[in-house]
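Novice: pasting a predicted model and its sequence here:
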Amino acid sequence: TAFNRRENVLVCAPTGAGKTNVALLTVAAHFRDVGLIGYNDDKPAIETGDKVVYIAPMKALAQEVVEKFGSKLKPLGLIVRELTGDMQLTRAEAQSANVIVTTPEKWDVVTRKSGNDENSLGNQCGLLIIDEVHLLADERGAVIESVVSRLHRLVESRQRQLRIVGLSATLPN
């Protein structure tokens, strides 16, 4: 499902079980589907945003994901960049990035400003990965919820697909 389909996915597994690797598979599948890597004879490139956005709950985790994804995707010519309170990107750096790793609060600010600008980062997102999605039940959950709602509204207005992948070690009732 993670690699061969474009459905939204929720991966719940204990720490160390490979959730990040499943996320990496969805990233590879996304770039295959939009025609940035490999080739796909039987299917045309899909109509969606080219960028992958990975929302990590903390800056420290964002840095780890940038290192891991960066080392895996660099041989494919894909660029992974961090966008957090500590790491700002120029417009050119943001546009050249294929994967943007950010925090919920930073992505909330970015998507609030995007509006109908086709070149905004929010409008270029085709795959949204939310790590520790169980934080929806936490005090910061409202930010994650608003980000997802805003992206869904963008999808409806521009009639493009957006895939959401949620990762969680535990989900409360």
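Specialist: Received it, and whenever you're ready, just let me know what you need.
Novice: in this structure, what residue spans correspond to helices?
Specialist: If you assign secondary structure with DSSP state H, the helices in the chain sit at 19-33, 59-73, 91-96, 104-114, 121-124, 141-158.
Novice: who wins for proximity to residue 132 among the ones you listed?
Specialist: Using C-beta to C-beta as the measure, helix 59-73 is the one of those that comes nearest residue 132, at 8.0 Å. Bear in mind the C-beta positions are built from the backbone N, C-alpha and C, glycine included.
Novice: what residues does the closest one touch?
Specialist: 20, 24, 27, 54, 56, 79-82, 84-86, 98-99, 101-103, 131-132 (C-beta atoms under 8 Å, 6 or more residues apart in numbering).
Novice: one step back: so can I have TSV of the helices of the chain showing distance to residue 165, mean pLDDT and mean neighbour count?
Specialist: Supplementary listing: these in TSV, determined by distance: least, C-beta to C-beta, whole Å; pLDDT from 0 to 100; neighbours: other C-beta atoms under 10 Å:
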stretch	distance to residue 165	mean pLDDT	mean neighbour count
helix 19-33	5	92	20
helix 59-73	13	94	17
helix 91-96	21	88	12
helix 104-114	15	84	18
helix 121-124	17	81	20
helix 141-158	12	80	16
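Novice: can you put these in CSV and add distance to residue 166?
Specialist: Rendered in CSV, the data for the helices of the chain read as follows (distance: least, C-beta to C-beta, whole Å):
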stretch, distance to residue 166
helix 19-33, 10
helix 59-73, 15
helix 91-96, 24
helix 104-114, 13
helix 121-124, 19
helix 141-158, 9
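Novice: from residue 2, how far off is the nearest residue to residue 162 once chain neighbours are set aside?
Specialist: Using C-beta to C-beta, 6 or more residues apart in numbering and skipping residues adjacent in sequence, the residue nearest residue 162 is residue 155, 4.6 Å away. For residue 155, the distance to residue 2 equals 20 Å [C-beta to C-beta, to the nearest Å].
Novice: what's the burial count for residue 139?
Specialist: 7 (other C-beta atoms under 10 Å).
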